[in-house]
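Visitor: Need a 3D model of the sequence below.
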Amino acid sequence: MKTRQQAADGFYRHLREWFTAFLPRQRGAAENTITSCRQTWNMLLGYVAEHHHIGVEKVTFTMVDRVTVTGFLEHMRATKSWTPSTYNQRLACIRSFFTYAAAAEPTLTIYLADLAAIPRLKAPAAAPVKYMSTDAVTALLAAPDPGTRIGLRDQFFMILMYDLAARDAEMLAMTLADIDTRRLTVDLLGKGSKPRRLPITSETAQHFGRYAAVFHPSPEPATPMFYTRRNHRPTRMSDDNVARLIRQHAATAKARCPDVPARIHPHMLRHSRAMHLYQAGMPLALLTEWLGHADPETTLIYAHADTEMKRHALEKANSATTRSPLPTPLWHDREDIIQRLCGLKE
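Guide: Alright, predicted model coming up:
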């Protein structure tokens, strides 16, 4: 039985309508966007409940105030290493709900005004994109033991992610129907639900065959490509699971290859593949399509970051100068010409 305060507050009624009606139908938000918002609210509600020492089902509008939301965001920055970009995206998600609730029920505008006082974080100057050398990638992909069930899964996940230069969310959204081993292609659903089809190597297709034989012995097209079992049912792997497995295998790989960075995140595989494709000669326009970038300017980070290509060009230019010495000046060993140039002789 609801308390009078909860009934008057209507917090969860508005939140349900925001997720089930507003985001998918009115706003037309992509599935990945809705998933990201759901993750944000799951974390926030857990934090609010713990902060107020109550059950999650008892959270109300008054509890999700500026101080609590700021505390939540700062807590996640400290514990999850949220970047300013992630911080601002999560804050925008929370404000979006309050904007919807205030429009539906004007008396709730006071809560939106309270959250409006939370400042966005100023992003630092963009750092050069971090990527791994081909030796480091090779060591990382060889780290899992394919003789074990988990090792087989982890190795194929990283191989496919690198081969496609795919985002973490794109990998986790894949189903069995998305891979075609006959045509050697994979269909990905990128940001904004924009599909793209990418080629894979025959070696990657062979890895898929071995993986599918163990994890999908009775294949169903709609089954998640990568899953964990909950209540004896396959459910999509989480991004936390992916980050954990990559950190684990990176530690193993670094013992064999010093080039492996001390800190690796899943997106670094995407950056590494993109950089290697660019260094191999792929034009930026094609690389933009491959990566699914809506703005070609985004892809320029790989051109700016490719100091190795610039260094090789500089070394090539210097070696050419060394092989072709400058011609001897006309005035070399000619004292009379030097005197004329200096005005000492007519």
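Visitor: quick one: contacts of stretch 89-108?
Guide: 10, 14-15, 17-18, 22, 36-37, 40-41, 44, 61, 64, 69, 73, 76, 82, 109, 111-112, 115-116, 118, 120 (Cβ atoms under 8 Å, 6 or more residues apart in numbering). No exception for glycine: its C-beta is placed from N, CA and C like everyone else's.
Visitor: Mind doing that once more with 7 Å?
Guide: Residues from elsewhere that reach stretch 89-108, judged by Cβ atoms under 7 Å, 6 or more residues apart in numbering: 14-15, 18, 22, 37, 40, 44, 61, 69, 73, 109, 111-112, 115, 118, 120.
Visitor: List the buried residues of it.
Guide: By 16 or more other Cβ atoms under 10 Å, the buried positions in stretch 89-108 come out as 90, 91, 93, 94, 96, 97, 98, 99, 100, 101, 102, 108.
Visitor: Just the buried ones out of the contacts of stretch 89-108, please.
Guide: Buried members of the contacts of stretch 89-108, scored by 16+ other Cβ under 10 Å, are 14-15, 18, 22, 37, 40, 44, 61, 69, 73, 111-112, 115.
Visitor: who's in contact with residue 65?
Guide: residue 114.
Visitor: How is this structure partitioned into domains?
Guide: Domain segmentation of the chain under automatic domain parsing yields 4-116, 134-305.
Visitor: Could you give the separation of the first one from the chain centroid?
Guide: Same thing as domain 4-116. Distance, stretch centre to chain centre, for domain 4-116: 23 Å (Cα atoms, centre = their mean, to the nearest Å).
Visitor: quick one: which of the contacts of stretch 89-108 is nearest to residue 158?
Guide: residue 40 (27.0 Å; Cβ to Cβ).
Visitor: what is the mean pLDDT for the host helix or strand of the closest one?
Guide: Residue 40 belongs to helix 31-52 when assigned by DSSP states H and E. Helix 31-52 shows a mean pLDDT of 93.
Visitor: Return the distance of residue 60 relative to residue 182.
Guide: In this view, residue 60 and residue 182 are 56 Å apart by Cβ to Cβ, to the nearest Å.
Visitor: more crowded one of those two?
Guide: residue 60 (17 against 6; other Cβ atoms under 10 Å).
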